[in-house]
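>>> whatever this is, show me its structure:
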Amino acid sequence: MAVARQGRAGVMRAAGLAAALIAAMTTFGLAAQPLPALQEFYFDTDPAAVPMVVVPAGSGDLVDQLMKQRERGRKALDATVQLAGVAFSQGRPELGRTLYAEASSSTQPTTAAGRAVRWNYGWDLFRLGEVEAALAQWSTAQGGMRGNPSWVPATYALALWTLGRKDEAVQWYAAAVRTEPQQWGSSARYADLLPSWRDSERATLAEVQKAWAAQPPAWP
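Below you'll find the model as predicted:
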């Protein structure tokens, strides 16, 4: 327990030192990154596009368990990412950024682990309201994989619609429909297709689907 407390204290001290740098990277480096070019189809499964969970979220000693996992090293990366998500959810975004910076610096975006870090970071940034920064993380995760990951069209559509870039959102949603029309042609299956999304996020995507249905864009 004492080791866990010391580890948490060390992480908190690191957060204070790194906060300004991470904020500057988010504002000036990440948000400026353009999205990849829209493709016609997105059939490829991406095993990295899943929440990184080591300890069940409802555990009473969640933070202590995650700190122990970080110390043991076997699942240190996953534990670091989950701990970063906990920090974001508890209103401590600078600590979360520091932990994600640690995880990102230890992985390459061309590896499955590196893409998973950036995919998860994107979701935490999106839910913090930093949508441009989220898009940058997702774009890096996408760029690290050969092929066209199936998670991309709906995720980008959600983010772009949230930013008010509605025409672009509909274009990306149309790619999802072209790829799997029976899945994305309506919003009826969103709970099954998007199990890790919040209800509010699925509701926003349903708005994109309605806009697409009203005037489906042609390809190209």
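
>>> okay, now the unreliable bits of the chain?
Counting by pLDDT under 70, the chain has low-confidence residues at 1-33.

>>> where along it do the helices fall?
2-24, 62-72, 76-89, 93-105, 112-128, 131-143, 152-162, 166-179, 181-184, 190-193, 199-214 (DSSP state H).

>>> so Glu201 sits right up against Ala191, yeah?
No: the pair Glu201 / Ala191 is not scored as a contact, 11.5 Å apart, by C-beta atoms under 8 Å. Every residue, glycine included, has its C-beta placed from N, CA and C.

>>> same drill for these two, tell me which one is more crowded.
Glu201 (20 against 11; other C-beta atoms under 10 Å).

>>> now the closest residue to the more buried one other than its chain neighbours: how far from Ala218?
Excluding the flanking residues, the one nearest Glu201 by C-beta to C-beta, 6 or more residues apart in numbering is Leu158, at 6.0 Å. Look at Leu158 and Ala218: by C-beta to C-beta, to the nearest Å, they are 22 Å apart.

>>> and these two? Which one has more around it.
When Leu158 and Ala218 are compared for neighbours, Leu158 comes out ahead with 24 against 5, by other C-beta under 10 Å.

>>> list the contacts for the more buried one?
By C-beta atoms under 8 Å, 6 or more residues apart in numbering, Leu158 lies in contact with Phe126, Ala169, Glu201, Thr204, Leu205, Val208.

>>> that one and Thr179, how far apart?
As defined by C-beta to C-beta, Leu158 lies at a distance of 16 Å from Thr179.
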